[in-house]
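Chemist: pasting the sequence and the predicted coordinates here, then a few questions.
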Amino acid sequence: MKGLTKRLSCFAMAAIMIGSLAACKKSSKAPSGLTDAANNVMEALIGRNEKKLKKTGDFSEGSLMTIDLMKDCDAISAVMDKATFEIDEDSIKESKKGTTVKVVVTLPDAGAALEDAEDEDEFIDAIKDQKEKSYTKIDLTLKFAVDEEDYTLTNGDALVSDLFGGDLEKVNAAFGKIKGLPDPTEEPPTTQSLDDDPTPTPRPTDPPKATSNEYDVIVYQDDKTVIHFNKVDSDGVHFTVDNLAAYEVTVQCDSLAIDGISILDYIMSDKVSAGTSAEVVTKCELEIIPQQIGTVSGQLNIVDFDDYSNTYPALFDTTVIDSSVAPAPAPTGTLLYSDDYLQVYFKELTGDGAVFEMVNPTAQDVEPRITALAINGRNITDPTWYDCELAPHSMGNLVTIQDDSIDPSEAVGTISAQFEVNNDVSQYNTYYATVNTTVIDANVTVTPPALEGTVIYEDSNVKITCVGLSPEGPILGVENLTDVGIIVQAESLSINMVGIYDVYLSYYTAPHSVSRFLAEGEVDASQQVGMIGGAFIIANPAERKGNYMVHLDNVVVDASVTVAAPTATGTLLHEDKNVKIYFKEVREKGIVFDVENLTQYSLTIQDRGVLLNGVEPGIATLSDSCAPHSVTEVMLSCSPDTSTPATTISVNFAIFSWDDSIKHYEVELTDKAIG
């Protein structure tokens, strides 16, 4: 079922949920509607969710098709799983024509990983092993038309091209072939005349395909389209579409269920000429093909690539094909959650992960996705965000694929979890289904896991501990003390007053669970931890107003460790009461600075333009956070000319803290000598 995998990085989702804290800098320039609109666009782009993209603004069907193809490529998913974005509210420009805002997307260097990869598995491994300091940045400009407080994206095609062109397009071409479609780069097979070989090898006879009875039952009709259900065989589910319109349409599948069981892994994109009828097939693999079909439900999309206004969904609720067939069996397992739009049952642990049975009791599509999961009080570090599109009045299994943190032989006593549910029929559209600690088997003795390490922060919602160091970064413990799923995100971190460049930690935690997380970032793992500093965002995705940031000003972890204040190196460019900024050196991938944070708050430093020796060094981006009272090496990513010694630099910095503990201000430096 990999073909339907859709994940967003936790960082990106935290940014979306936190609003003014993690997603963008809070400023008087930024209307909340614009912030929400930009977040919605970026969430849908990074998640390659064409359904949500359609709601944000103007995208051609060609761009939506690109998104759909990218969604089905595991190699692209490996890259986008690690993608993050940051909205620059200070870049907002408003005019009579509309509003623009800039966004920086940071993601693995797919081109570098592609160079040495001989197959898709090697590429995915290279992406997993790539350090964040090697990531690349893509600058996007979002353009919106404004109607009162409503913001509608107007340059969707350009964003798709900018984000998914270049290296990602090459990756998709290399590994993103869709099953059943020809590869246009391959040469057609050569044919041999019978005259060349008087005794040609007989062509093997294919075994007969397993197939259901054939039917002709109308499941949907309007003045433009009539859809007939025909049969199910080993190729998939067959329909005949009567196109009554005067233009060609492409039929795609959004959801589909046979006999009340949703099909979760499918491919479909078939053309039907104007004024004709044609067979279309939802390609999928069914374990068992029934002889008789009882019911069908789902949604096929009727797409006009030349005129998007003619595109619409053809939704059909449960349609009886053969009334003699017994209805779908009742769901099995322990009921964890139920509302008007979704029921969630826990079934079992397997070698693939935790298995949930999801039931859609509505006449619309419902799309549940796992965000957090804890078994016996132990939070699963990063359950795969697996897409599960349920057709009307159907059920299907959602399997949370994960690393080795789940032992399938473990006896499950309790579970807590959180699911994001997308449902157009609900007044919330997207909402969170929270499963507080639920007993699965009362006979299992559950001993809550102990929170490891030294407590460095504690409040009524969360405890955070320092467990130790690894070469990949600090190891932290987190205990969620609440009845909801919360996100814990590191905005900055320092060890012994030395900041960690571009640290990454952003994970969901299930209600009342204990976690062990790696904060990715290069550190000297041989040192003893005397102090730890930084800032964390504590976010409840279901209730943004309660989100907050905490600043840790060098909390003592081990008083016996002597910590000497680090010394910044390089040419001092700027000094004020909050910060000292030093130029260090020019590297192939950017310009390096030492930043000394003189405050008790986590500071973020961004660039607003740079000239090196009077020349722009290509597209330049800097947005890094520095822990309280620490020295952090940061890099302004760009493409400088390293063949000529750097003698002068002109650079404008923006300095602030995300929660406005340090109000935003800008520093303009012109022709500073650095030679």
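Modeler: Nice, thanks for sending it over.
Chemist: from the recorded domain assignment, give the ranges for this protein.
Modeler: Domain assignment for the chain by automatic domain parsing gives 2-175, 217-320, 337-439, 454-556, 571-673.
Chemist: now the end-to-end length of the fourth one.
Modeler: Right, the one you point to is domain 454-556. 9 Å (C-alpha to C-alpha, to the nearest Å).
Chemist: same thing with the second one?
Modeler: Start to finish, the residues bounding domain 217-320 are 9 Å apart (C-alpha to C-alpha).
Chemist: right, and residue 558 touches residue 496 too?
Modeler: No: in this structure, residue 558 is not within contact of residue 496 by C-beta atoms under 8 Å, at 10.1 Å. The C-beta positions use only the backbone N, C-alpha and C, and glycine is treated the same way.
Chemist: neighbour-wise, which of those two wins?
Modeler: Between residue 558 and residue 496, counted using other C-beta atoms under 10 Å, the more crowded position is residue 496 (22 against 13).
Chemist: which one of the domains of the chain lies closest to residue 327?
Modeler: The closest of the domains of the chain to residue 327 is domain 217-320. By C-beta to C-beta, the value is 6.6 Å.
Chemist: now do the SS call for the closest residue to residue 578 other than its chain neighbours.
Modeler: Closest residue in space to residue 578, ignoring its immediate chain neighbours: residue 599 at 5.2 Å, by C-beta to C-beta, 6 or more residues apart in numbering. On the three-state scheme (DSSP: H, G, I helix; E, B strand; the rest coil), residue 599 is labelled coil.
Chemist: I'd say residue 599 and residue 629 touch.
Modeler: Yes: using C-beta under 8 Å, residue 599 makes contact with residue 629 at a distance of 7.3 Å.
Chemist: the residue lying closest to residue 80 once chain neighbours are set aside: neighbouring residues, count only.
Modeler: Leaving aside its chain neighbours, residue 80 sits nearest to residue 46 (5.6 Å; criterion: C-beta to C-beta, 6+ apart). By the measure other C-beta under 10 Å, the count of residues near residue 46 is 22.
Chemist: how close does residue 46 sit to residue 164?
Modeler: To residue 164, residue 46 is 11 Å away according to C-beta to C-beta, to the nearest Å.
Chemist: which stretches of the stretch 451-600 of the chain form strands?
Modeler: Taking DSSP state E, counting those that start in this stretch, the strands of the stretch 451-600 of the chain run over residues 454-458, 462-470, 473-480, 486-495, 498-499, 506-509, 513-518, 531-539, 548-556, 571-575, 579-587, 590-597.
Chemist: contacts only, for the closest residue to residue 503 other than its chain neighbours.
Modeler: In space, and not counting its chain neighbours, residue 503 is closest to residue 521: 3.9 Å by C-beta to C-beta, 6+ apart. Residue 521 is in contact with 132, 472, 473, 474, 493, 500, 501, 502, 503, 504, counting by C-beta atoms under 8 Å, 6 or more residues apart in numbering.
Chemist: do that again at 10 Å, thanks
Modeler: 131-133, 472-474, 490, 492-493, 495, 499-505 (C-beta atoms under 10 Å, 6 or more residues apart in numbering).
Chemist: do residue 459 as well
Modeler: Neighbour list for residue 459: 481, 538, 548, 550 [criterion: C-beta under 10 Å, 6+ apart].
Chemist: turn those residues into JSON lines, columns for neighbour count, distance to residue 283 and pLDDT.
Modeler: As requested, the contacts of residue 459 are exported to JSON lines (neighbours: other C-beta atoms under 10 Å; distance: C-beta to C-beta, whole Å; pLDDT from 0 to 100):
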{"residue": "481", "neighbour count": "15", "distance to residue 283": "47", "pLDDT": "96"}
{"residue": "538", "neighbour count": "25", "distance to residue 283": "44", "pLDDT": "95"}
{"residue": "548", "neighbour count": "15", "distance to residue 283": "48", "pLDDT": "93"}
{"residue": "550", "neighbour count": "17", "distance to residue 283": "50", "pLDDT": "96"}
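Chemist: what about the nearest residue to residue 326 once chain neighbours are set aside, how many residues nearby?
Modeler: Closest residue to residue 326 apart from its sequence neighbours, by C-beta to C-beta, 6+ apart: residue 294 at 7.0 Å. Residues near residue 294, counting by other C-beta under 10 Å, number 18.
Chemist: how far away is residue 294 from residue 238?
Modeler: 16 Å.
Chemist: state which helix of the chain is the longest.
Modeler: helix 32-46 (DSSP state H).
Chemist: for it, buried residues please.
Modeler: 34-46 (16 or more other C-beta atoms under 10 Å).
Chemist: what do you get for stretch 221-235?
Modeler: Residues of stretch 221-235 classed as buried by neighbour count (16+ other C-beta under 10 Å): 224, 225, 226, 227, 228, 229, 230, 231, 232, 233.
Chemist: hang on, the fourth one packs against residue 241?
Modeler: Yes: using C-beta atoms under 10 Å, residue 227 is in contact with residue 241, at 5.5 Å.
Chemist: shared neighbours of those two, anything?
Modeler: Common neighbours of residue 227 and residue 241, counting by C-beta under 10 Å, 6+ apart, are 220, 251, 280, 300, 302, 314.
Chemist: before we move on, back to that, now which of the contacts of residue 521 would you call buried?
Modeler: Counted by 16+ other C-beta under 10 Å, these give 132, 473-474, 490, 492-493, 495, 499-505 as buried.
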